[in-house]
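Colleague: my questions concern the predicted model and sequence given below.
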Amino acid sequence: MSTELCFSGSRSWKRLHVGPLAGEIDAFAALLASLGYAVRSARDKLRLTRDLSHWMSREGIDLDALDEGRMEAFLSTRKPGFRSRGEAATLRLLLEHLRDSGHVSPKPAEPDCNDPIEWIARRYERFLVNERGLSATTVKGYLLIVRAFLADRFGTRTVNLESLTVRDCNGFILRGSRNVCWRTSKTWATALRSFLRHLHQAGEIPADLADGILPAMNWRRTELPKSLDPDEVEAVLDSCDRTTAVGRRDRAILLLLSRLGLRAGEVVAMTLDDLDWNNGLVNVPGKGPRHELLPLPHDVGKVLAAWLRNGRPCCATRRLFVRARAPHTPFSGASAIDCVVRRALARAELDPPFKGAHLLRHSLATGMLRNGASLEDIGQILRHRHPETTQIYARCDLDSLRGLAPAWPGDAP
């Protein structure tokens, strides 16, 4: 895509190339094309860039002086009737492009923080990244929990880490658990254990308090794992319209979840390089730095090939799955895969109590168990690190459990 394609008239094209951004407008148009924007959308974004360039000329702002603050100042001058949805996102994309091309200085590092809680959180962040090697998503989640805990414990008072107690940690988790599910409470407990061990190793607290944090109980043995019957799984797969690009993409995602038992985050992280077509293998990016090879079933490979040949748009990213609408960028997180599953369940007119991507992983495990697979086999397919994790599926083997149940005493049926 070029500016001539968006603005066919010579007068309109000349009006576009004015001001400090005149030399960058064509490169920005090429970037919009690479991200999959339609001509109409690209035209609106280039007009916004033109208006920004005019404003910079009136205000006497050079190109290398452009930053987030001046972008906000420009947006504040836009009249409500002339503002359209997505202008702030367009300007962020433009600024990122200018920085990548070297015309604008990189975003300055955050200044030294005078807030003691933030200073502690940043030091903990460096520990998680440099020493633990955790993913960016995990680090972000842990930091949110630690900041909330420290703010809850100290408020505006002086932060004295040596005064922390196990009661403070358990009280924070207990109060918060009233409004969240047990999985969230479990994550809070895990994050605080990691934080307390870091403080102890750094000499900030005299004793290791991590072992004193109580586990989050979910009473997993009180109910069966939520799953779908094989016919219901097929109905979910058949709900995808294979004549459309979105339908081919969603069917490929659902097959990876239901045939290979992948987690939502693993599907998001998959790249084109993870598929070994010659040997029929797929490299699964698991939790943290783990990567494991799994066989690529014929039906899954066939659907993936259909998505890659007749669905996946041309884009710069190597991620296997991308957004259907421009910008054609990778999914932002696992929640996008959950949305694909929810839409498929709605099309199949199914209403299970749990509608996330893990539903299909559970369905694969329970189906294998009904067909005679052992718990060890299921654990290998699902790539469980601990056998205890797989034991929850033992409750689904009702025929075997009936043989273990003692006879009912008395004459009652």
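Modeller: Arrived safely, thanks for sending. Numbering: from 1, shown residues only.

Colleague: where are the low-confidence patches of this protein?
Modeller: The model of the chain has pLDDT under 70 over residues 1-14, 81-83, 108-113, 218-225, 287-289, 388-413.

Colleague: residue closest to the middle of it?
Modeller: Nearest residue to the geometric centre of the chain (CA atoms, centre = their mean): G333, 1.4 Å.

Colleague: do I have it right that it meets C339?
Modeller: No - G333 is beyond contact range of C339, at 10.5 Å (criterion: CB atoms under 8 Å). For every residue, glycine as well, the C-beta is placed using N, CA and C.

Colleague: on that earlier part again, which SS state does the residue nearest to the residue nearest to the centre of the chain when sequence neighbours are not counted fall under?
Modeller: Distance criterion CB to CB, 6 or more residues apart in numbering; nearest residue to G333, sequence neighbours excluded, is V268 at 6.5 Å. Secondary structure state of V268, per DSSP: H, G, I helix; E, B strand; the rest coil, is helix.

Colleague: burial count for V268?
Modeller: Here the number of neighbours of V268 (other CB atoms under 10 Å) works out to 23.

Colleague: what is the helix or strand containing L48 packed up against?
Modeller: With secondary structure defined by DSSP states H and E, L48 is part of helix 39-59. Where contact means 3 or more CB pairs under 8 Å, 6 or more residues apart in numbering; DSSP states H and E, helix 39-59 is packed against helix 3-6, helix 10-16, helix 25-34, helix 68-76, helix 87-100.

Colleague: what angle sits between it and helix 87-100?
Modeller: Interaxial angle of helix 39-59 relative to helix 87-100 (axes from the mean of the first three to the mean of the last three CA atoms, to 10 degrees): 70 degrees.

Colleague: in helix 39-59, what's buried?
Modeller: By neighbour count on 16 or more other CB atoms under 10 Å, the buried set for helix 39-59 is 41-56.

Colleague: got it, and stretch 293-303?
Modeller: So, applying 16+ other CB under 10 Å, buried residues of stretch 293-303: L294, L296, V300, G301, V303.

Colleague: go on, stretch 161-171?
Modeller: L164, V166, C169.

Colleague: ok, stretch 125-142 next?
Modeller: E125, F127, L128, L134, S135, T138, V139, G141, Y142.

Colleague: which strands and helices sit next to the helix or strand harbouring A346?
Modeller: Using DSSP H and E, A346 maps to helix 334-347. Packing partners of helix 334-347 (3+ CB pairs under 8 Å, 6+ apart): helix 230-238, helix 245-259, helix 264-269.

Colleague: between the buried residues of stretch 125-142, which is closest to L150?
Modeller: Y142 (12.5 Å; CB to CB).

Colleague: list just the nearest of the buried residues of helix 39-59 to S258.
Modeller: S41 (34.8 Å).

Colleague: give the other helices and strands that the helix or strand harbouring F195 contacts.
Modeller: For F195, the host element (DSSP H and E) is helix 182-201. Packing partners of helix 182-201 (3+ CB pairs under 8 Å, 6+ apart): helix 136-154, helix 166-176.

Colleague: quick one: the residue lying closest to G280 once chain neighbours are set aside from D44, how far?
Modeller: Using CB to CB, 6+ apart and skipping residues adjacent in sequence, the residue nearest G280 is L296, 4.9 Å away. Counting by CB to CB, to the nearest Å, the gap from L296 to D44 is 42 Å.

Colleague: so what's P297 closest to, chain neighbours aside?
Modeller: R259 (5.6 Å).

Colleague: burial check on that neighbour, number of neighbours?
Modeller: So R259, with other CB under 10 Å, has 19 neighbours.

Colleague: helices of the stretch 301-413 of the chain, residue ranges please.
Modeller: 334-347, 358-370, 375-382, 387-390, 398-404 (DSSP state H, counting those that start in this stretch).

Colleague: export the second one as PDB, just CAs?
Modeller: Right, helix 358-370. What follows is helix 358-370, C-alpha atoms only, in PDB (Å, rounded to 0.1, in the frame of the first residue of the first chain):
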ATOM      1  CA  HIS A 358      -9.300 -26.000  29.600                       C
ATOM      2  CA  LEU A 359     -12.800 -27.700  29.100                       C
ATOM      3  CA  LEU A 360     -11.400 -29.400  25.900                       C
ATOM      4  CA  ARG A 361      -8.200 -30.500  27.700                       C
ATOM      5  CA  HIS A 362     -10.400 -32.100  30.400                       C
ATOM      6  CA  SER A 363     -12.600 -33.700  27.700                       C
ATOM      7  CA  LEU A 364      -9.500 -35.300  26.100                       C
ATOM      8  CA  ALA A 365      -8.400 -36.800  29.400                       C
ATOM      9  CA  THR A 366     -11.800 -38.200  30.400                       C
ATOM     10  CA  GLY A 367     -12.300 -39.600  26.900                       C
ATOM     11  CA  MET A 368      -8.900 -41.400  27.000                       C
ATOM     12  CA  LEU A 369      -9.800 -42.800  30.400                       C
ATOM     13  CA  ARG A 370     -13.100 -44.200  29.100                       C
END
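
Colleague: how about that helix, which residues are buried there?
Modeller: Those buried within helix 358-370 under the rule 16+ other CB under 10 Å are H358, L359, L360, R361, H362, S363, L364, A365, T366, G367, M368, L369.
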